Every structure is written in C-alpha cells, then in structure tokens.
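In: I would like the atomic coordinates for the input below:
(2 chains)
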Amino acid sequence: DAEITQSPRHKITETGRQVTLACHQTWNHNNMFWYRQDLGHGLRLIHYSYGVQDTNKGEVSDGYSVSRSNTEDLPLTLESAASSQTSVYFCASSEYRVSEAFFGQGTRLTVV
Amino acid sequence: TQLLEQSPQFLSIQEGENLTVYCNSSSVFSSLQWYRQEPGEGPVLLVTVVTGGEVKKLKRLTFQFGDARKDSSLHITAAQTGDTGLYLCAGFAGGTSYGKLTFGQGTILTVHP
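Out: The predicted structure follows:
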C-alpha cells in the first residue's frame, strides 16, 4: 500500500544544531507539505513543493528550509535549532490539482 | 491571511450525547475539509464539502458547509467513546494552491463511558 513515512518519530537536539527531518511518500504525489502543530494553533504551513526543484515558503518558514530533488522526498532542515521550534512536525502529500492531503505520523522534536 | 476559528477548543461529554463543533471564517473558501487525529498519529481526512449549503453524512457524523462558504459545522449524534480525538477543520482557498490548507485550532473531544 502507498504511504507517507516520517523519520525519526522522536528527536531531541540542542539549541544551535542543524537538524533534518525526513519525509518519504510512495503515493507518487506531486504536492508535498510540511506543517508544525502546536497546542492552540492547529497546523501551520512551513514549506511546500508542487514538484521536483519547486519549493515555496509557507506561513511560518523562518529558520526552516526544504529541497525537492525527487518526487518521493521532501526533507525539512532546521538551520540552527531554537527552543521555539520545539513542536510536532507533519509531512503531507496530495495529488496534482487536488486539495485533500495525506499525512505522515509526525515527528516530535524537542530543542533543549 | 485567511483564518479559521474553531470552537469549542475542548469538549467533554458522556456517551450517547450529541455535540456540534463549529468552524468560522470571515473569508470565503473554495472547499472545507474535516480531519480527525488520534494521539501520536497524523490527521486523517473525514470529508470534504465543496458547495455552499452542502450537507454530508458519514454514519453518525453530519457535516455542513455554510451557504456563503465561510463556515462549517460537524455534528455527532449519540457520541461513542471511539469518537474521542482531535477534530480539525481545514479550508482550501482555491486557485492553484492545491493542498495548501488553512487549519482551525482544533477541538479535543473526549467521550466518557
């Protein structure tokens, strides 16, 4: 079955370190998204991509970057982790010209 | 920036009771989706409503899209403990921004036996 996989599921890192969260989907979807989820804020869009070599900033992109070198993967990099980036991160994908998204299981990141 | 206000944020009820969750905005959305999320999992799509005034039913869950496509509601009849979870509404603005969603803050529903 097609799926979307995030790794790691849990990570603790120190302030100032670079961290990369992986997202891999086997749906062959063109569209991929990264959201962060914080209590009281729902999910907020960080970055998104509509295809290989395409990346766009979302609502809360400062301090984050993504790259899309193939259809299946959209890794999210925190350039210099800050305590404010402690959150649960979700990757999602959707078909071209479709609004409904499929979500991964999330990565809980703690920055100490 | 489009915003979705979801209420209530917390809901604690007894099994068998009915409940309604609301999702409101001052902006018009092309479509609105409802997701359910279990602890430790990602959101899972329940339904998408597209047409103003549209009503969709999913067993004991009834979803409605407002006539002006600015608001939506989720009504659960005779809640069960298995309905416990986080419910999220998400709006799609339309145009070419496919999959780019604006989420409400979520409603944490707890159904007690």
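
In: check which residues of the top strand by length along chain A are buried.
Out: Under DSSP state E, the strand in chain A containing the largest number of residues is strand A:42-51. Buried residues in strand A:42-51, counted by 16 or more other C-beta atoms under 10 Å in any protein chain shown: A:42-50. Heads up, the C-betas are built off the backbone N, CA and C, glycines and all.

In: which strands or helices does that strand pack on?
Out: strand A:31-38, strand A:54-57, strand A:64-66, strand B:85-92, strand B:101-103 (3 or more C-beta pairs under 8 Å, 6 or more residues apart in numbering or on different chains; DSSP states H and E).

In: residues near the residue nearest to residue B:38 when sequence neighbours are not counted, how many?
Out: In this structure, residue B:38 finds its nearest non-sequential neighbour in residue B:85, 5.4 Å apart by C-beta to C-beta, 6 or more residues apart in numbering or on different chains. For residue B:85, the neighbour count with other C-beta atoms under 10 Å in any protein chain shown is 20.

In: residue B:85 contacts residue B:111, correct?
Out: No - using C-beta atoms under 8 Å, residue B:85 is not in contact with residue B:111; the gap is 9.3 Å.

In: what bridges to the nearest residue to residue A:73 once chain neighbours are set aside?
Out: Nearest residue to residue A:73 in three dimensions, chain neighbours excluded: residue A:24, at 5.3 Å (C-beta to C-beta, 6+ apart). As for beta bridges, residue A:24 partners with residue A:5, residue A:73 under DSSP bridges.

In: shouldn't residue A:24 be in contact with residue A:75?
Out: No - judged on C-beta under 8 Å, residue A:24 makes no contact with residue A:75 at a distance of 9.1 Å.

In: contacting residues for residue A:95?
Out: In this structure, residue A:95 makes contact with A:27, A:29-31, judged by C-beta atoms under 8 Å, 6 or more residues apart in numbering or on different chains.

In: and the pLDDT for it?
Out: Note on residue A:95: pLDDT of 85.

In: next one: the lowest-mean-pLDDT helix or strand in chain B, is it in contact with chain A?
Out: Among the helices and strands of chain B, strand B:101-103 carries the lowest confidence by mean pLDDT, DSSP states H and E, at a mean of 91. Yes - using C-beta under 8 Å from any C-beta of the partner chain, strand B:101-103 reaches chain A at B:101, B:103.

In: repeat for stretch B:89-97
Out: Yes - using C-beta under 8 Å from any C-beta, stretch B:89-97 reaches chain A at B:90, B:92.

In: can you pull the buried residues of that stretch?
Out: B:89-92.

In: what count of nearby residues applies to the spatially closest residue to residue B:61 that is not a sequence neighbour?
Out: Setting aside the residues directly before and after it, residue B:61 is nearest to residue B:76 in space (C-beta to C-beta, 6+ apart), at 5.5 Å. Residue B:76 has 22 neighbouring residues, counting by other C-beta under 10 Å.

In: need the contact list for residue B:76.
Out: B:18-20, B:60-62, B:83, B:109 are the contacts of residue B:76 under C-beta under 8 Å, 6+ apart.

In: please look at residue B:11 and residue B:106 and confirm they touch.
Out: No - distance between residue B:11 and residue B:106: 10.9 Å, which falls outside the contact criterion (C-beta under 8 Å).

In: so between these two, which is more surrounded?
Out: Legend: neighbour count by other C-beta under 10 Å for residue B:11 and residue B:106, higher for residue B:106 (24 against 18).

In: check contacts around that one.
Out: A:42, B:6, B:9, B:37, B:86-88.
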